[in-house]
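> Sequence plus predicted model, see below.
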Amino acid sequence: MKTSVKRILVVEDDDFILRAYTAGLEHAGYEVMTVTNGEDGLKQMRAWHPDLVLLDLIMPIKDGFETLEEKHKDPALKKIPTLILSNLGQDDDIARGLALGAKEYFIKANYSLPDVVKKIQDTLDT
Amino acid sequence: MSSRSWEAERRFLFLCLFAFGLADLFLLGFLALGFWQGFDVALAMLRSLSGLGPLALGGCALAVTGLLIGTARYRSAFLQFARRTRELEKEKGRCQALLTSLGDGVVATDEKGRIMLMNQEAEILLGWKAEEAHGKSGLSVVRIDDEKGRSLARGRHPLRPGKTARAKTVFSLLPTFYLRRKDSTRFPMVATCASVVSEGQAAGAVLVFRDMTREKEVDRAKTEFVGLASHQLRTPLTAVRWYADMLLAGIPGAVNDKQREYLDLLYQSNQRMVELVDAFLRVSRIDLGTLAFKREQVDVVRSMRAILQECRPVLRLRGLHLKTRFTPSLPVLQTDQKLLEIVFDNLVSNAVKYTPKSGTVTVVLEGKRAGERAADRAVRRASVFLTVSDTGYGIPFHQQNQVFTKLFRADNVIGKETSGTGLGLYTTKAIVDQAGGEIWFRSEEGKGTAFYVLLPLKAERSPKGT
């Protein structure tokens, strides 16, 4: 099912951020799909089989934590690496995200887009 | 009525009574003689003493008059005394009513630390009845918790017996202290406890306190709002940053030099905003008590060098000299590296910001053992001692007590430097407190400022307050 072009699913409700992700990641050579809530995120994880998920935390319908929890319970989805990119920066949020199986946790405002792309590359390489 | 005039009245009355008594004796003698030998003999006797008779009668009359006057004067004095007593009673009643109906809780203890008085508000707030608390130890009735919920050590309790006559303890809202009710529930409070001084000696203490639940809630709501707002601001700032990133990376097409220059400025402004939002978030966490403090091995010299490296361009731009002196092989600190670097950054960038052209900023890091001196203070535990001094504008003397308060900016620099937020030193102090350290300064307007920070090798949370 794997294609040579890596697929990245972005789950993020802010349109400006979404468009920046799409432009930045497509430029870096990834195939990008965007959804704006956790419910659709889980749906696309099952249907589209992404290689990596970028997950925001505060979203309508189903937030990032709930999504992560559900994904973690599903053996088919569990192995898809997930990076949390949120602007929530409390230590307990970070701990909770990592405990639910996220690979890493980034505070968006503190990273440049090239940094984010680099992190995605590193994660896909491992 | 003064005791002296009382004394005079009494002496006068006694004199009269004595004279009256003498006259009585005389009369009794006459009557006894009359009954014993017959009144004709007694009369004859009286007549034979004719020379003394009128004298005796005169004396008698004088004594009676004296007694009458004395009694009258004594009576008026007594009435006056009774009136004053009534007035005093009334005054006492009024004082008591005042104390009882005072909107703040009042608890007073005697010199042995036992509860002597408790007003109505104190009864309501603490859940104790005054009569059941009376005579009990102040420490067992007025139970105080610190902001972490630990009960206050005996030695720090303001109602402990044996305090000096001038002792005064103030509990303000930050950090918050709590009072435990009889049923062990608790509420945030502010209080003042002062020694009761009688004839130059401490004769107990009086504690005045108030329930701050509502204020605390309002403060919390406000702080949470700041946190939430800062958090919301981060998302659009991220978007600005990322689009600038893409433009600078030439993703939509090449940019010319002028465009690049403007984009850089845009990017830097955005970064400043991100840092500002981070600073507000940090303050809101400090105020909510949710600032996480890690324990990790920190090489202070390395951290400081990194901070100074970042400052170099600004130093050059402003034509400032930097002097450093780092004691070789300083011990490693057990503290939170990121927060410690915020302390370093705030102190150094303040020195840089508030020193005019061709001034000097000096940064010194040295080790101190317990018992040594750090500037004008004694060192209690093995510590690293940081001094950041400058030849800058200085802090006006009349504002030096506000330096560590939130949003404070000194009068003499507001016009010169518009970029300060008034959050830096507030945050710095909170972090140093959290690390169990001390921070203080010396400053003279027009000459410069030196900030001193003592950081214990093992970060231990020091008890705050009082």
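Cool, the structure landed.

> burial measure for B:P188, as a count.
Neighbourhood size, B:P188 [other C-beta atoms under 10 Å in any protein chain shown]: 22. The C-beta positions use only the backbone N, C-alpha and C, and glycine is treated the same way.

> A:M59 and A:V11 touch, don't they?
Yes - counting by C-beta atoms under 8 Å, A:M59 touches A:V11, with 7.1 Å between them.

> Mutual contacts of these two, please.
A:T36, A:N37, A:G38, A:T67 (C-beta atoms under 8 Å, 6 or more residues apart in numbering or on different chains).

> is it possible to export the residues you listed to TSV including distance to chain B, pLDDT and neighbour count?
Formatted as TSV, the shared contacts of A:M59 and A:V11 follow (distance: C-beta to the nearest C-beta, whole Å; pLDDT from 0 to 100; neighbours: other C-beta atoms under 10 Å in any protein chain shown):
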residue	distance to chain B	pLDDT	neighbour count
A:T36	14	87	18
A:N37	16	86	19
A:G38	17	84	26
A:T67	18	84	27
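
> residues touching A:Y21, list them.
A:V10, A:E12, A:V32, A:T34, A:L54, B:W242.

> who wins for neighbours among the residues you listed?
A:E12 (26 neighbours).

> What pLDDT is listed against the closest residue to that residue other than its chain neighbours?
Spatial nearest neighbour of A:E12, excluding adjacent residues (C-beta to C-beta, 6 or more residues apart in numbering or on different chains): A:D56 at 4.3 Å. You'll see A:D56 listed with a pLDDT of 87.

> swap in A:M1?
pLDDT, A:M1: 47.

> Repeat that for the one 4 residues further on.
Here the pLDDT value assigned to A:V5 is 88.

> How much space separates it from chain B?
A:V5 is 18 Å from chain B, where distance means C-beta to the nearest C-beta, to the nearest Å.

> quick one: pLDDT of the residue lying closest to that residue once chain neighbours are set aside?
The shortest distance from A:V5 to any non-neighbouring residue, by C-beta to C-beta, 6+ apart, is to A:E31 (4.9 Å). Looking at A:E31, its pLDDT is 90.

> just the one 4 residues further on next, same as before
A:V35 carries a pLDDT score of 89 in this model.

> give me phi/psi at B:S383?
The phi/psi pair for B:S383 (degrees, to the nearest 10) reads phi -150, psi 170.

> number of nearby residues for it?
If you count neighbours by other C-beta under 10 Å, B:S383 ends up with 25.

> need the contact list for it.
Contacts for B:S383 (C-beta under 8 Å, 6+ apart) come out as B:G367, B:K368, B:A374, B:G437, B:L454, B:L455, B:P456, B:L457.

> Report the backbone C-alpha coordinates of the helix or strand where the first one lies in CSV.
Taking DSSP states H and E as the criterion, the element that holds B:G367 is strand B:360-368. Taking only C-alpha atoms (Å, rounded to 0.1, in the frame of the first residue of the first chain), the coordinates of strand B:360-368 have been written out as CSV:
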residue,chain,number,x,y,z
THR,B,360,29.9,48.8,30.8
VAL,B,361,28.0,45.7,31.7
THR,B,362,29.8,43.3,34.1
VAL,B,363,28.7,39.7,34.6
VAL,B,364,30.3,37.7,37.4
LEU,B,365,29.6,34.0,38.4
GLU,B,366,31.3,32.6,41.5
GLY,B,367,30.9,29.8,44.0
LYS,B,368,30.0,30.6,47.6
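
> Which one of the contacts of A:Y21 is nearest to B:S137?
Using C-beta to C-beta, A:E12 is the member of the contacts of A:Y21 that sits closest to B:S137, with 60.9 Å.

> The closest one against A:M59, yeah?
Yes - between A:E12 and A:M59 there is a contact under C-beta under 8 Å: 7.5 Å.
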